[in-house]
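K.L.:
using only what follows, build the 3D model:
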Amino acid sequence: MVLKLKNTAEDERLEGLPGAKLSAVQWDPDRACLPGTRKQLLEDIINWVHNPESEQIMWLSGAAGTGKSSIANSVAQHLDSLGRLGASFHFDRAVATLDTPGHLFGNLCHQLACFDDQLRTAVLSAMHRGCGGGMSCRIQARKLLVEPLQDAEIIGPVIIVIDALDESGDDDETSKTSRETLVNAIATEFPRLPKSIKVLITSRDEGSISRCMTQCGSCWHKDIADVNGTEEDIYSFVQYRMGQICKSHTYLVNGWPGLIKERALAQYADGLFIWAGVACTFIQSGDPDVQLNELLKDSGRDTAEAKLDHLFIDVISHSLHADDAIQVNNWHYIVDSIVALKTPLTIQAMDSLLGLSAGHPSHTLIDGRQIKLSTAYTIISSLRPILRIDPGIKKVVQLLHKSVFDYLTSRAKNPILVNVTAQNSILAMRCLEIMNDNLHHDMCNISNISLLDSEVDGLSASIGDHISEALSYAACCFAEHLNAALIEHEALINKLHKFITQHLLNWIEIMGLLGKLHEAEVCLANLFTWMKVGKSIYDLYITKELIVY
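P.N.:
Residues are numbered from 1 along each chain as shown. A predicted model of the protein is given here:
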C-alpha cells in the first residue's frame, strides 16, 4: 500500500512546531481601516518600519474598541503587498486555540520559514538541534526566532505583526504559559533581532504588558489616544456607512440623515471605532430613522464604557423579549453557546451541536430550562450588530469584538450575564452525546479504500462525508468544555462513562483521520485533569479503561 505524501518531510517537521497549524491567526483584509482614515498614524508606522535606526519594537496601545486591530491589519496588508510581511498573529480570547501564549513563537517561526528560503534552512537547522515544543516561551523566542533570523541575514525591512497581545492567556505569574511569561520573552529576546526585522505589537495598556514593555530597551510606545484626527476619521467612517444605508433604503431622501446627525453620531462614539461600527450596523438592522434617533437620545452618558454598554443593551433588547421565559431560555441557549464555543462554528454545525432541527420546534428541557427552538438562525440574525458572520456560504459565526465578550461575561450590572461555566457543562454533554451517538468502528470506510496514489483524495472525501463539522468539533473540544464545566453534574458523568467504556478507541481513530493526534494527547491530559479534580464523584464509575489507554 503506497500513500502519496502531499508535503515533504521538511514541511511535516515545520508543521510540528507548537501552534504551526493554527488557522485564522494571520491578518484579515476585511478588518483593515477604511481607505482614507488613520493616514498620519499609518504613515508614522510605515516610516518606522523603513528606518533602519529606529527601535526594534513598536507597541501601539489603547482601550478596547479604539481601532488597534484595524491598524495592525492595515499595516500587514500594506507590507504584504510590498513582500515585506514576514509573519502576523492575532490573539483572540473568544477562540480557545487563539489565546494560548505557547502557540505564538512556533506559529511565527512556521510563517517565516514559508516566507524565506534562508529562514527555512535556519529554522530547520534549529529544529535539528532539538528546538521545538516543550521549551519555555523565552527559549522558544530565542531558539526559534532570534537565532535563526540572525543566521539568515535577511535583507529588510521585514515586519512581524502581533495583534491583541492582551488577549493571550491569563495575567498570572504562576502559569508557565501566562501572559507575563510571554510578554517577558518578547521584551527580553526581541531587541536582539537583526535591525532588518521590526515587530509591531498592539494591545491594551495593562498588567504585565505595561510592566514588561516599558522596561524593554528597544521599544517605541505609542498610545492611540494621543493620535490626532481620530474623531475626523470616525466621522468619515460614519458618513461612508450612512451613505451605504441611504442607498439600501429607497425611501430615504438623498443625503440622509444630514451632516448634523452624522457629526453627532461621530462625536458620541467618543473615539471608539467599535462603537461607530456597531451603531451603524444597528441603524441598518431596522428602520434607520428610528434606530438612529434611539441612539442619539441617550447622549447624556459620559464614559466610553457606559456608551458602549448602552449600545450593546440596545442591540440585545431588540433581540430578546425579557417577558417571555421560553424566549429568554432560547436566547441564552444560543448566545451563551457562541460565547463558550472553543472555536467558531457555522450556523448549520451549531444547530447540529445544540440538537436543533429545521423542522417544527418542540419543547425540550436543557439543564432544567425549557427550550423551544428550530434553528439558531433567527436569534443570530437579530444580533448581527455584535456578531461577525462570515459572508461566505458556510457563515461561520463569532462575537464581533472582545468588548462584546467582556460585556456578556463580566459586567456586574448586565441583566443577561452569560454563565460560561454552566454553558460549558451543557456543551460538554452535547459533545459527548454526539460522539456516543455517532462514533463507531471504521468511521470513514477505510477498509474499502486501497489508498493507492490515485485514491488518497478519495480518503479525504470520505473523511468529509462521514465526519461532520459538529462531530469534528465535539471530538476536538469536548475535553476543554469538560475542564471548564461544573464537576458535580451526574448526567455529564454518565455520558462521559459511556464514552470512555464504549467509544474511546473510535475517538482516537477519527482524531487520527482528522490529523489531530497531537490534539488527542492534549484532550486526554485535560480529561485526566478533570477526573482528578472530580475523583470523589467519578469513583462511582470504572476508570480502568481510560488508564489502560
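
K.L.:
which residue ranges form the strands in the stretch 251-400 of the chain?
P.N.:
Here the stretch 251-400 of the chain has its strands, by DSSP state E, counting those that start in this stretch, at 345-346, 362-366, 369-373, 387-389, 396-399.

K.L.:
adding mean neighbour count and mean pLDDT, write the ones you listed out as CSV.
P.N.:
The C-beta positions use only the backbone N, C-alpha and C, and glycine is treated the same way. Formatted as CSV, those follow (neighbours: other C-beta atoms under 10 Å; pLDDT from 0 to 100):
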stretch, mean neighbour count, mean pLDDT
strand 345-346, 22, 94
strand 362-366, 12, 67
strand 369-373, 17, 75
strand 387-389, 18, 91
strand 396-399, 22, 92
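
K.L.:
could you save those strands as a markdown table and add columns showing distance to residue 438?
P.N.:
As requested, these are arranged in a markdown table below (distance: least, C-beta to C-beta, whole Å):
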| stretch | distance to residue 438 |
| --- | --- |
| strand 345-346 | 16 |
| strand 362-366 | 19 |
| strand 369-373 | 21 |
| strand 387-389 | 27 |
| strand 396-399 | 22 |
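
K.L.:
wait, which of those is closest to residue 509?
P.N.:
Closest to residue 509 of the strands of the stretch 251-400 of the chain, according to C-beta to C-beta: strand 345-346, at 22.6 Å.

K.L.:
direction included, what does the closest one pair up with?
P.N.:
When pairing is defined by DSSP bridges, strand 345-346 lines up against strand 396-399 (antiparallel).

K.L.:
just the CA coordinates for the partner strand, please, in CSV.
P.N.:
C-alpha atoms of strand 396-399 as CSV (Å, rounded to 0.1, in the frame of the first residue of the first chain):
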residue,chain,number,x,y,z
VAL,A,396,-19.1,31.0,10.4
VAL,A,397,-20.4,32.9,13.5
GLN,A,398,-18.4,34.5,16.3
LEU,A,399,-18.5,37.6,18.6
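
K.L.:
for residue 407, see how far away residue 385 is.
P.N.:
Look at residue 385 and residue 407: by C-beta to C-beta, to the nearest Å, they are 13 Å apart.

K.L.:
correction: residue 146
P.N.:
As for residue 146, its distance to residue 407 is 39 Å (criterion: C-beta to C-beta).

K.L.:
between those two, which is the more surrounded one?
P.N.:
Taking other C-beta atoms under 10 Å, residue 146 and residue 407 do not tie; residue 407 has more neighbours (23 against 20).

K.L.:
start and end of stretch 211-221, how far apart?
P.N.:
Using C-alpha to C-alpha, to the nearest Å, one end of stretch 211-221 lies 12 Å from the other.

K.L.:
list the buried ones in that stretch?
P.N.:
212-213, 216, 219-221 (16 or more other C-beta atoms under 10 Å).

K.L.:
tell me the mean pLDDT for that stretch?
P.N.:
Stretch 211-221 shows a mean pLDDT of 91.

K.L.:
run through who's touching that stretch.
P.N.:
Stretch 211-221 is contacted by residues 48, 54-59, 61, 180, 183-184, 186-188, 190-191, 201 when judged by C-beta atoms under 8 Å, 6 or more residues apart in numbering.

K.L.:
just the buried residues of these.
P.N.:
Buried, going by 16+ other C-beta under 10 Å: 48, 54-59, 61, 180, 183-184, 186-188, 190-191, 201, out of the contacts of stretch 211-221.

K.L.:
these in helices, which ones?
P.N.:
Of those, the ones assigned to helices by DSSP state H are 48, 180, 183-184, 186-188.

K.L.:
show me where the stretch 151-300 of the chain has its helices.
P.N.:
Counting by DSSP state H, counting those that start in this stretch, the stretch 151-300 of the chain has helices at residues 179-189, 207-214, 230-248, 259-268, 273-284, 288-296.

K.L.:
quick check: mean pLDDT of the fourth one?
P.N.:
Helix 259-268 shows an average pLDDT of 94 in the prediction.

K.L.:
how about it: buried residues?
P.N.:
Quick answer for helix 259-268 (16+ other C-beta under 10 Å): 261-262, 264-266, 268.
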